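Trainee: What follows is a predicted structure for the sequence shown.
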Amino acid sequence: MPKTIIEPFKIKSVEPIFMSTEAERERYIKEAHYNPFLLHSRQVTIDLLTDSGTSAMSSEQWAGIMRGDESYAGASSWDIFYNEVRDLTGFEYVLPTHQGRAAERILYSQLGGAGKVFLSNTHFDTTRANIEFGGAAAIDIPTRLAADHDSDHHFKGDIDLDLLESNIAKYGRENIAAVILTVTNNSGGGQPVSMQNARSVSEICRRENILLILDCCRIAENAWFIHQYEDGFDKKTYREIAQEMFGLVDGCVMSAKKDALVNMGGFLGLKDAKLAEECTNLLIITEGFVTYGGLAGRDMEAIAQGLREVFEPEYLNYRIVSTRYLGEHIRAKGIPVLYPIGGHAVYVDAALLYPHIPAEQYPGQVLVCELYKRGGIRAVEIGSVMFGKYDAEGKLVPAASELVRLAIPRRVYTQSHIDYVIEVFDEIKAASKDTKGLRIVKETPFLRHFTAHFEVLPSVASASA
């Protein structure tokens, strides 16, 4: 049997990539204020900014697009969508939204508010923003094993159970709005959550009468890791593993733009009728009627099909192994990465790559600019730009890590594209000691990484800066 993992699909339609010179990219990134979010897509060669909404849909999904029933109420496409989500999650109440953050806004604004606390293995940027915008606190309690970026522990996405217990005691069970288990743990390096950890978290939440919510946008990828590395799951299908995890929680939010393999869409799933009714009122006000929410009928058809395709063994094996290919190859070149490689992305530790650039000069943002300038590669910083705070004196409180995420769109790039990315890291490493830091010249109070403006500092920082 050949060892090469091939893409389990054929290319049926292509989209051109616009090539550029390094001189052109130097100008483009300067005009974008050294923020890749502000680049135009035609200026990007390989786009690894996000795996959200960037998938290539299948021929069956496009067929569903054509079949979409656009009736305002009670569309047949809603029935197909609802039945698929209900079968996968087990939740009776399903609220369709235009994307995951809309589901977050509806649920967390209902549960949160001043004095409330949310606990999570790690809140992602939009989750944290929706929680904090409503006045609640978002506290991360990842397993301590997550801090060791070189160990080969397979479940660094787990919640720290001791910290879960101590935070419940500290804030009082009545003030814990919810515990959020994100699978895989995006801000924690795309690392998976074990079923055993999910069971233990569920037991604690049930004992304390605290709501447990699953952020399930990469549930299929998480199921692959459980199947491979957790005892007792090698005979179960990936879908059965996902269904078991859904059975441990009280509700879920999903950005269907990830593991449902579509370009737009999401949903909120709940067990409790009263909470579902309260959330439905907000859905109707802000998204749309209950049988379409923020989605067209054609979108619901594509999501339903994507939720079936994503659990196909050939697809999932290709997905995880091809992501690992990128991570292992740049690691072999001496690029510091969060290890083991996660399911949807490779995370580079920019603080280790640029030890002379302090957190207040944003080494992660420096790396994303360097990747673009040298190879036209767009990535995203997950460090002190995205998660840094300011203290009372206005001094930066850095993020726990200075990471850069190379998120792999699903079914979009081939191995030659990834080999190109690997080669660009040779140039990145060779120039690392002479690379200058950045400073922020414009920002917003929430989610500043989307629109912030930067400028290059005039000199290379010293190692003691």
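Mentor: Received, thanks. Numbers count the residues shown, from 1 in each chain.
Trainee: Any idea how far the one helix or strand residue 331 maps to is from the middle of the chain?
Mentor: Per DSSP states H and E, residue 331 falls inside helix 313-332. If you compare the mean C-alpha spot of helix 313-332 with that of the full chain, they lie 17 Å apart, counting by C-alpha atoms, centre = their mean, to the nearest Å.
Trainee: now do stretch 199-212
Mentor: Put simply, stretch 199-212 sits 24 Å off its chain's centre (C-alpha atoms, centre = their mean).
Trainee: Next: stretch 94-106.
Mentor: Distance, centroid of stretch 94-106 to centroid of chain: 15 Å (C-alpha atoms, centre = their mean).
Trainee: What lies in contact with that stretch?
Mentor: Applying C-beta atoms under 8 Å, 6 or more residues apart in numbering, the contact partners of stretch 94-106 are 53, 78, 81-82, 85-86, 126-127, 130, 215, 217, 253-257, 264-270, 276, 279-280, 282-283, 286-287, 290-295, 300. Quick note: C-beta positions are derived from backbone N, CA and C, even for glycine.
Trainee: Go through stretch 29-41 and flag the buried ones.
Mentor: For stretch 29-41, burial by neighbour count (16 or more other C-beta atoms under 10 Å) applies to 29, 32, 33, 34, 35, 36, 37, 39.
Trainee: cool, and stretch 228-236?
Mentor: Within stretch 228-236, the residues that qualify as buried are 230, 233, 236, counting by 16+ other C-beta under 10 Å.
Trainee: cool, and stretch 82-98?
Mentor: By neighbour count on 16+ other C-beta under 10 Å, the buried set for stretch 82-98 is 82, 84, 85, 88, 89, 91, 93, 94, 95, 96, 97, 98.
Trainee: try stretch 155-163
Mentor: Buried positions in stretch 155-163, judged by neighbour count with 16+ other C-beta under 10 Å: 155, 156, 157, 158, 159, 160, 163.
Trainee: Could you work out the most separated pair of the residues you listed?
Mentor: Using C-beta to C-beta, the two most remote members of those are 155 and 163, lying 15.8 Å apart.
Trainee: what about this protein, any weak spots by pLDDT?
Mentor: Applying pLDDT under 70 to the chain picks out residues 1, 461-465.
Trainee: What is the longest strand anywhere in it packed up against?
Mentor: Ranked by residue count and defined by DSSP state E, the top strand of the chain is strand 176-182. Counting contacts by 3 or more C-beta pairs under 8 Å, 6 or more residues apart in numbering; DSSP states H and E, strand 176-182 is packed against helix 100-111, strand 117-120, helix 161-171, helix 195-208, strand 212-215.
Trainee: tell me which of the buried residues of stretch 82-98 is nearest to residue 19?
Mentor: Nearest to residue 19 among these, with distances taken as C-beta to C-beta, is residue 98, at 33.5 Å.
Trainee: thinking again about what came up before, can you list the buried residues of stretch 155-163 in JSON lines and add distance to residue 113?
Mentor: Output for the buried residues of stretch 155-163, formatted as JSON lines (distance: C-beta to C-beta, whole Å):
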{"residue": "155", "distance to residue 113": "33"}
{"residue": "156", "distance to residue 113": "32"}
{"residue": "157", "distance to residue 113": "28"}
{"residue": "158", "distance to residue 113": "28"}
{"residue": "159", "distance to residue 113": "23"}
{"residue": "160", "distance to residue 113": "26"}
{"residue": "163", "distance to residue 113": "23"}
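Trainee: sorry, back to before: let's see the helix holding residue 331 as CSV, backbone CA atoms only.
Mentor: C-alpha atoms of helix 313-332 as CSV (Å, rounded to 0.1, in the frame of the first residue of the first chain):
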residue,chain,number,x,y,z
PRO,A,313,-12.8,8.6,7.4
GLU,A,314,-10.9,9.3,4.2
TYR,A,315,-11.5,13.0,4.5
LEU,A,316,-10.6,13.3,8.2
ASN,A,317,-7.4,11.3,7.8
TYR,A,318,-6.3,13.5,4.9
ARG,A,319,-7.3,16.6,6.9
ILE,A,320,-5.2,15.8,10.0
VAL,A,321,-2.2,14.2,8.3
SER,A,322,-1.9,17.0,5.7
THR,A,323,-1.9,19.7,8.5
ARG,A,324,0.7,17.6,10.4
TYR,A,325,2.8,17.6,7.2
LEU,A,326,3.3,21.4,7.4
GLY,A,327,4.0,21.4,11.1
GLU,A,328,6.5,18.6,11.1
HIS,A,329,8.4,20.0,8.2
ILE,A,330,8.9,23.5,9.6
ARG,A,331,9.7,22.0,13.0
ALA,A,332,12.4,20.0,11.4
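Trainee: Tell me which other helices or strands that helix touches.
Mentor: Contacts defined by 3+ C-beta pairs under 8 Å, 6+ apart place helix 313-332 against helix 219-229, strand 345-349, helix 415-430.
Trainee: just those: most buried one?
Mentor: Comparing the helices and strands packed on helix 313-332 by mean neighbour count (mean count of other C-beta atoms under 10 Å), strand 345-349 ranks first with a mean of 27.
Trainee: Off-centre distance for that one?
Mentor: With C-alpha atoms, centre = their mean as the basis, strand 345-349 stands 12 Å off its chain's centre.
Trainee: Contacts for it next, please.
Mentor: Contact partners of strand 345-349, identified using C-beta under 8 Å, 6+ apart, comprise 48, 51, 149, 189-190, 323, 326-327, 330, 335-338, 367, 382, 401-408.
Trainee: Tell me which of those residues fall in helices.
Mentor: Judged by DSSP state H, the contacts of strand 345-349 include 323, 326, 327, 330, 367 as members of helices.
Trainee: residues near the second one, how many?
Mentor: Translated: residue 326. By other C-beta atoms under 10 Å, 24 other residues sit near residue 326.
Trainee: Would you enumerate the residues in contact with it?
Mentor: Counting by C-beta under 8 Å, 6+ apart, residue 326 touches 341, 346, 406, 408, 418, 421, 422.
Trainee: how about a cut-off of 6 Å?
Mentor: Residue 326 sits next to 346, 418 when contact means C-beta atoms under 6 Å, 6 or more residues apart in numbering.
Trainee: Next one: it from residue 294, what distance?
Mentor: 33 Å (C-beta to C-beta, to the nearest Å).
Trainee: what's around residue 69, how many residues?
Mentor: 17.
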